[in-house]
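Engineer: The following block contains a protein sequence and its predicted model.
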Amino acid sequence: MSPVDKNVRRKHPTMSEKLNHLYHEYVSRDFITELIFNPRYFWISAIVFLAAEIIVNIVIIQKVKYTEIDWVAYMQEVEGVANGTWDYTQLRGDTGPLVYPAGFVYIYLGLYHITSRGTNISLAQYMFAALYIILLTLVFRICHKSKKLPPYMLIFICCTSYRIHSIFVLRLFNDCVAMVFVYAAINLFIDGCWGIGSLVYSLAVSVKMNILLFAPALLLAYLYCLGLKDTVKQLTICAAVQVALGLPFLLENPVGYIKMSFDVGRVFLFKWTVNWRFLPEEIFVNKLFHLALLVLHAMLILLFTKTHWNRYLTNYAKLLTVGVETDMACQLLILPLFLSNFIGITVSRSLHYQFYIWYYHTLPYLLWSTRFSVVFRLLVLGLIELCWNTYPSTWWSSGLLHCCHLAILAGVFMNRPTDQRTQQLKKAMEKIN
């Protein structure tokens with residue numbers, strides 16, 4: 001072989017050399033370790049799990065028997081609208097009167113027509129399976145953007161969620177639709193699309209009122225990041241969506257629509273409660289107990305506003321002002337939103353089994369916002385899963401659920417921002433500038 005041929009060979013590696021290089025770069029032990037533990041590689045594992053979830057949901061629909069709970073009632077409620085009834089007080093189903101805002105009506109009215117008046121259950125299940133994949137995509141994007149969770153947490157998010165799969169493809173609850181909208185809104189907020197985000201957030205509220213649990217932190221985010229003038233603009237967008245969707249019902253019976261769709265005083269049935277089973281029923285339905293929970297809710301919001309959200313959102317606004325896109329910036333907005341929702345759930349007057357979807361996908365993020373050990377974090381997740389899968393609920397499952405909730409709140413509180421951490425952020429920003 002001539003010297004020229006040898007030089008050409010050096011410049012153009014053989015196929016064997018290329019494969020060897022790829023092996024050492026992508027199949028090495030170090031790279032596999034990174035795929036498992038490094039949050040920067042979260043998106044790679046997420047793609048794999050999304051593909052697996054498509055298959056899992058198809059298998060569930062094909063092999064597991066559908067369980068009728070609220071679907072027929074939903075169809076009966078929107079059938080009244082299909083027949084020309086716009087008075088909310090006249091819309092009812094087997095489970096009672098319609099108690100959800102107008103967005104719910106339009107979405108399930110669409111499903112009513114698509115599924116042949118609600119009779120094609122299989123088609124509805126596949127639509128909710130697609131909805132579940134969309135929700136996971138939105139949640140995974142939040143996790144990837146924040147660089148908070150290690151990729152191995154996908155195993156626990158996807159593989160231990162028996163009840164979550166059931167809520168979507170075996171029960172078809174409206175809670176699923178509402179949570180897809182809210183995660184879409186959070187993605188828009190962290191991308192800086194505040195106006196569209198507010199619109200989508202309001203759509204979520206129009207499906208189910210529990211989405212308002214995010215509102216305290218979102219209002220503070222508006223004020224800190226956008227200022228008073230733009231906050232009024234965002235609130236106007238939210239209000240306009242509600243008025244526009246509810247307009248036909250408001251024109252027919254405004255008092256009836258507002259009373260039925262935004263009834264904050266609704267009394268829940270004790271037999272379905274997941275979180276207060278250890279209480280006597282007379283205390284569970286007592287209005288003084290409800291008032292005490294409301295006061296506690298307000299106190300916790302004020303506490304975390306003072307200890308966490310003020311600093312988080314102030315620093316987030318500063319980073320936005322200088323145009324800096326960092327992992328930390330994303331976290332400073334996400335945690336207040338997730339925590340605001342979690343506080344509301346912790347002091348809720350009652351939690352039913354389908355309400356698990358309200359916060360299931362935020363629990364790993366909240367636990368990774370504490371200083372707990374990984375073992376303890378996983379233990380708390382496992383115990384919460386145990387509580388939600390204990391049917392019917394018992395005094396010990398309800399009590400244990402409260403203990404887990406309080407542990408998370410205490411962990412996040414103890415990991416509150418300090419002057420030293422704030423100073424480190426200021427120094428980092430000064431270097432950037």
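Structural biologist: Received, thanks. Owing to the predicted nature of the structure, the values given are computational and were not obtained by experimental measurement. Residues are numbered from 1 along each chain as shown.
Engineer: going forward, measure contacts between C-alpha atoms and count neighbours the same way
Structural biologist: Noted.
Engineer: buried stuff in the longest helix belonging to the chain?
Structural biologist: Longest helix in the chain, counting residues (DSSP state H): helix 215-252. In terms of neighbour count (16 or more other C-alpha atoms under 10 Å), helix 215-252 has its buried residues at 216-218, 220-226, 231, 234-235, 237-238, 241-242, 245-247, 249-250.
Engineer: What of stretch 257-275?
Structural biologist: For stretch 257-275, a neighbour-count test (16+ other C-alpha under 10 Å) marks Tyr257, Ile258, Met260, Ser261, Phe270, Trp272, Thr273, Val274, Asn275 as buried.
Engineer: contacting residues around that stretch?
Structural biologist: 87-89, 98-102, 209, 246, 249-250, 277, 281, 284-285, 350-353, 388, 392-394, 397-399, 401-402 (C-alpha atoms under 8 Å, 6 or more residues apart in numbering).
Engineer: again, 7 Å this time
Structural biologist: For stretch 257-275, contacts defined as C-alpha atoms under 7 Å, 6 or more residues apart in numbering pick out 88-89, 98-101, 209, 249-250, 281, 285, 350-353, 393, 398, 401.
Engineer: filter these to the buried ones?
Structural biologist: 88-89, 98-101, 209, 249-250, 285, 350-353, 393, 398, 401.
Engineer: So which residues of the stretch 201-350 of the chain form helices?
Structural biologist: Using DSSP state H, counting those that start in this stretch, the helices of the stretch 201-350 of the chain run over residues 215-252, 254-261, 281-284, 287-304, 310-321, 327-346.
Engineer: The nearest residue to Ile190 once chain neighbours are set aside: neighbouring residues, count only.
Structural biologist: Nearest residue to Ile190 in three dimensions, chain neighbours excluded: Cys330, at 6.2 Å (C-alpha to C-alpha, 6 or more residues apart in numbering). By the criterion of other C-alpha atoms under 10 Å, Cys330 has 21 neighbours.
Engineer: Cys330 reaches Lys147, doesn't it?
Structural biologist: No - between Cys330 and Lys147 there is no contact under C-alpha atoms under 7 Å: 8.8 Å.
Engineer: Export the buried residues of stretch 257-275 to JSON lines and append columns for distance to Thr14 and pLDDT.
Structural biologist: Shown next, in JSON lines, are the buried residues of stretch 257-275 (distance: C-alpha to C-alpha, whole Å; pLDDT from 0 to 100):
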{"residue": "Tyr257", "distance to Thr14": "73", "pLDDT": "95"}
{"residue": "Ile258", "distance to Thr14": "73", "pLDDT": "93"}
{"residue": "Met260", "distance to Thr14": "73", "pLDDT": "91"}
{"residue": "Ser261", "distance to Thr14": "69", "pLDDT": "90"}
{"residue": "Phe270", "distance to Thr14": "72", "pLDDT": "90"}
{"residue": "Trp272", "distance to Thr14": "67", "pLDDT": "91"}
{"residue": "Thr273", "distance to Thr14": "67", "pLDDT": "95"}
{"residue": "Val274", "distance to Thr14": "63", "pLDDT": "96"}
{"residue": "Asn275", "distance to Thr14": "64", "pLDDT": "96"}
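Engineer: Turn those into JSON lines, columns for distance to Asp30.
Structural biologist: JSON lines is the format used below for those (distance: C-alpha to C-alpha, whole Å):
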{"residue": "Tyr257", "distance to Asp30": "60"}
{"residue": "Ile258", "distance to Asp30": "58"}
{"residue": "Met260", "distance to Asp30": "58"}
{"residue": "Ser261", "distance to Asp30": "54"}
{"residue": "Phe270", "distance to Asp30": "53"}
{"residue": "Trp272", "distance to Asp30": "49"}
{"residue": "Thr273", "distance to Asp30": "47"}
{"residue": "Val274", "distance to Asp30": "44"}
{"residue": "Asn275", "distance to Asp30": "44"}
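Engineer: Just give the nearest non-adjacent residue to Ala82, would you?
Structural biologist: Leaving out its chain neighbours, the residue that sits closest to Ala82 by C-alpha to C-alpha, 6+ apart is Leu109, at 7.3 Å.
Engineer: And the one you found, how far from Val205?
Structural biologist: Going from Leu109 to Val205 by C-alpha to C-alpha, to the nearest Å gives 17 Å.
Engineer: Equivalent analysis for Ala239, please.
Structural biologist: 10 Å.
Engineer: check contacts around Asp94.
Structural biologist: Shown in contact with Asp94 (C-alpha under 7 Å, 6+ apart): Ala73.
Engineer: List phi and psi for it.
Structural biologist: Here is the backbone geometry of Asp94 (degrees, to the nearest 10): phi -60, psi -30.
Engineer: so what's it scoring on pLDDT?
Structural biologist: Looking at Asp94, its pLDDT reads 92.
Engineer: part of a strand, is Leu378?
Structural biologist: No - membership of Leu378 in a strand is not supported by DSSP: H, G, I helix; E, B strand; the rest coil, which gives helix.
Engineer: In contact with it, which residues are there?
Structural biologist: The contact partners of Leu378, by C-alpha under 7 Å, 6+ apart, come to none.
Engineer: Tell me where the model's unsure across the stretch 51-200 of the chain.
Structural biologist: Across the stretch 51-200 of the chain, not a single residue meets the criterion (pLDDT under 70).
Engineer: before we move on, what about the stretch 251-400 of the chain?
Structural biologist: Along the stretch 251-400 of the chain, segments meeting pLDDT under 70 span 323-328.
Engineer: Swap in 90 and give it another go.
Structural biologist: The stretch 251-400 of the chain contains residues with pLDDT under 90 at 262-269, 315, 318-330.
Engineer: How about the contacts made by the nearest residue to Trp86 once chain neighbours are set aside?
Structural biologist: Take Trp86 and drop its neighbours on the chain: the residue closest to it by C-alpha to C-alpha, 6+ apart is Phe249, 5.3 Å away. Residues in contact with Phe249 (C-alpha under 7 Å, 6+ apart) are Trp86, Asp87, Tyr88, Tyr257.
Engineer: All set now, cheers.
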